[in-house]
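Enquirer: Quick one, structure for this:
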Amino acid sequence: MLSKGNCGGDVGHLRPQDNLSTMKTPLVKRLRLEPFFDWNNLPPEILVKIFRHCVMTEGHLSLARLGAVSENWRKIIPTPSLWNSVDFVKGSENFTSKDLESVTRRLCRYIHNCKKISFNSTLSNIRFDSLLPFLKNVTEISFKGCPKLKPKVLVTLAQSDNANTLDSINIDGTFSYRVYNRHITTFVSNVLPRLRKLNFANNRFDGPALHMLIEGLTDFCPILEELSLENCFCTSDFDLIPRLEYLRMKRKCLALKSLNLNHTNVMFYHYTSSERNAELEQTTNMFDLKEFRMANSNMLQYFETADALTEFIGDMPNLEILELSRLKGNNSFKVLYYYKSNKMKYLYLRESLSGHLINERELSEQAAKIFRRWSSTLIELDLSGNNLYDFSWAVIFKSFGKYSPLTKLNLAKTNVVSAGVEFILRRFKNLRYLNLKLCNHLKEHMKREYHSIDLREARKNLRR
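Expert: Modelled structure (predicted):
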C-alpha cells in the first residue's frame, strides 16, 4: 500500500500483491486528490515508484499500457532506473502476436543501459542484429522461449564487438534447428571462456558440435559457475557420443558450482592408467561442486562409471544437491559409498537401482553408512521407482535420528510395506510431504500423496 503523506512525500513500499487497478481509491483517499486530474498529474518520483512496481510484477510490457494514460505518464517510461533488468516475457500472453511484436519493438529503444534482459517470442536473428549496439552494458541475456531465433545467433554473439560484458546466457529450448559445428566453433573460443552461467538445456546438436562444446568446457572456463546441458541430444550412435574428460574438467573449471547432465548424450571418458596418473599429477586445485545432476544415462553400462563418478564428484566436501536417477544397470549404492560430503541436503535417486541387486547384507550395509552420514542434513529424499529388500528399507529409515530435518520424502512406485510407512510417520516429525502413489505392497487407501494436514491426520490415526 502507499504510505500517508502529501504529493511530494514518500509513497512507501509497493507490495507485489498490490494491483494498479485497485490502488486508485486508496491513493486518492490518502493523498486527498481529485480522482482523475490528480492521478494523471502525480509527481514524477511517485510515478516512478508506481511504474517500478508494475515492472516487477507484470513485466516491462506493462509500460506500454501505463504510457497510454497521459503525456506525463508516457514521459516516465525512459527513466533509467526502470531499465536495469528488462523482462519482455512476463505478460506477453496477454497480447496478440501482432501487438506483442509492435509493443516490444517500441520499448526496445530504452534498453541501451540494461544489465539483464529476457527476450520474448518475437525476437528473430535480424531483429537481434539490430539490437546488439544497444547491449554494450548487458551482463545477462535470456533467449528462452524465442522460437524464431536460429543457432546463427551464437556466431553473431561471438563475432560482435558489442556485449563484451556478457557473462550469462540462457538458451534453454531456444532452437528448433539443430546446432552444428559452424555455429559453435567461434562461440566456444570467443564467448565460453568469459561466461559465469550457461544454460544450453533442451537443444539438439550434431555429434561434432556437442563434442566441441564439451571439449571447450574441459579446456579453459576459469569463471564458469553454472552449466546446464539437460536434454541435449546429439546421436544414438554409441561411438559418436561425446566423452567428458572429467578429471581435466575438475582442474580447468575451478569456479564451477552447478553441473546438470540430466538426459544428455554425454559419457565419461575412459582413462587408461597412465592417462589417469598424468591428470592426477597435474591436479593441484580442483572445482568444488555444490550441485550435480545426471539422470537417464547409459554411463553405468560402460567403463565402470560408478568408479568414475566417485572419482569425479566423490571428493566434493560441499556437495548439497545430488541427482543420480535412472542409471541403467546400477545394482547397488556403491556409486554413493565413498562420497566425502557431509552437507547433502537434496538427494534424488529415482529408479537408480535398476539392475539385479547385490545380496541383501551388502546392500543394507552400504545403505546404513550412506544414509547415516546424511541423516542430520537431508531435507529432501527421492527414492521413487526402486525395489529394495525389506531389511534394506528398514535400515534406511532407521538411519535417520529422531530429530531429522527431512521435510520431503518420495517413495512412489516402490515396494515399501505398511510397517515402513508407520515407522516413517512416527520417526520423521518434520515431514511435510510423503508420496506413496503406486506402491503395490500397500493397501489402496494408503497409495496417495500426503501433505502436512494429511500427515497430521495419519499420525493421529496411529495413536488410536
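Enquirer: Could you say which helix or strand holds the residue lying closest to L261 once chain neighbours are set aside?
Expert: Leaving aside its chain neighbours, L261 sits nearest to M294 (4.6 Å; criterion: CB to CB, 6 or more residues apart in numbering). Glycine gets a C-beta too; all of them are placed from N, C-alpha and C. Per DSSP states H and E: M294 is located in strand 291-297.
Enquirer: Return the very next helix or strand once past that strand as CSV; C-alpha atoms alone will do.
Expert: With elements assigned by DSSP H and E, the helix or strand that comes after strand 291-297 is helix 305-313. As requested, C-alpha coordinates have been extracted for helix 305-313 and formatted as CSV (Å, rounded to 0.1, in the frame of the first residue of the first chain):
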residue,chain,number,x,y,z
THR,A,305,31.3,-45.4,-14.4
ALA,A,306,30.4,-45.8,-10.7
ASP,A,307,34.1,-45.5,-10.0
ALA,A,308,34.3,-42.6,-12.5
LEU,A,309,31.5,-40.8,-10.7
THR,A,310,33.2,-41.3,-7.3
GLU,A,311,36.5,-40.0,-8.9
PHE,A,312,34.7,-37.0,-10.4
ILE,A,313,32.5,-35.8,-7.5
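Enquirer: what sits against the residue nearest to L261?
Expert: Residues counted as contacts of M294 (CB atoms under 8 Å, 6 or more residues apart in numbering) are L261, N262, T264, L309, E323, L324, S325, L327.
Enquirer: Let me have the residues you listed in TSV, adding pLDDT and secondary structure as columns.
Expert: TSV is the format used below for those (pLDDT from 0 to 100; DSSP: H, G, I helix; E, B strand; the rest coil):
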residue	pLDDT	secondary structure
L261	93	coil
N262	93	coil
T264	88	coil
L309	86	helix
E323	96	strand
L324	93	strand
S325	91	strand
L327	80	strand
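Enquirer: wait, which of those residues is closest to T185?
Expert: Using CB to CB, T264 is the member of the contacts of M294 that sits closest to T185, with 20.5 Å.
Enquirer: Verify the stated contact: that closest one with E230.
Expert: Yes - between T264 and E230 there is a contact under CB atoms under 8 Å: 6.4 Å.
Enquirer: Those two - which one has more neighbours?
Expert: Under the neighbour definition other CB atoms under 10 Å, T264 and E230 were set side by side, and T264 has more, 27 against 20.
Enquirer: Need phi/psi at the more buried one.
Expert: phi -120, psi 140 (degrees, to the nearest 10).
Enquirer: Might you report the residue contacts of the residue nearest in space to the middle of the chain?
Expert: Taking CA atoms, centre = their mean as the criterion, S228 is the residue nearest the geometric centre of the chain, at 7.9 Å. Neighbouring residues of S228 by CB under 8 Å, 6+ apart: D172, L198, N199, F200, A201, S258, N260.
Enquirer: ok, 10 Å please
Expert: The contact partners of S228, by CB atoms under 10 Å, 6 or more residues apart in numbering, come to 170-172, 197-202, 258-262, 264, 293.
Enquirer: Please apply the same query to A163.
Expert: 131-139, 141, 156-157, 169, 191.
Enquirer: Report the buried members of these.
Expert: Among the contacts of A163, those classed as buried by 16 or more other CB atoms under 10 Å are L131, F134, L135, N137, V138, T139, I141, T156, L157, I169, V191.
Enquirer: Can you show me the strands along the stretch 301-450 of the chain?
Expert: For the stretch 301-450 of the chain, the strands defined by DSSP state E, counting those that start in this stretch cover 321-327, 346-348, 380-382, 408-410, 433-435, 449-451.
Enquirer: Pipe these into JSON lines and attach mean neighbour count and distance to N162 per row.
Expert: Formatted as JSON lines, the strands of the stretch 301-450 of the chain follow (neighbours: other CB atoms under 10 Å; distance: least, CB to CB, whole Å):
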{"stretch": "strand 321-327", "mean neighbour count": "21", "distance to N162": "35"}
{"stretch": "strand 346-348", "mean neighbour count": "19", "distance to N162": "39"}
{"stretch": "strand 380-382", "mean neighbour count": "20", "distance to N162": "42"}
{"stretch": "strand 408-410", "mean neighbour count": "20", "distance to N162": "45"}
{"stretch": "strand 433-435", "mean neighbour count": "19", "distance to N162": "47"}
{"stretch": "strand 449-451", "mean neighbour count": "14", "distance to N162": "50"}
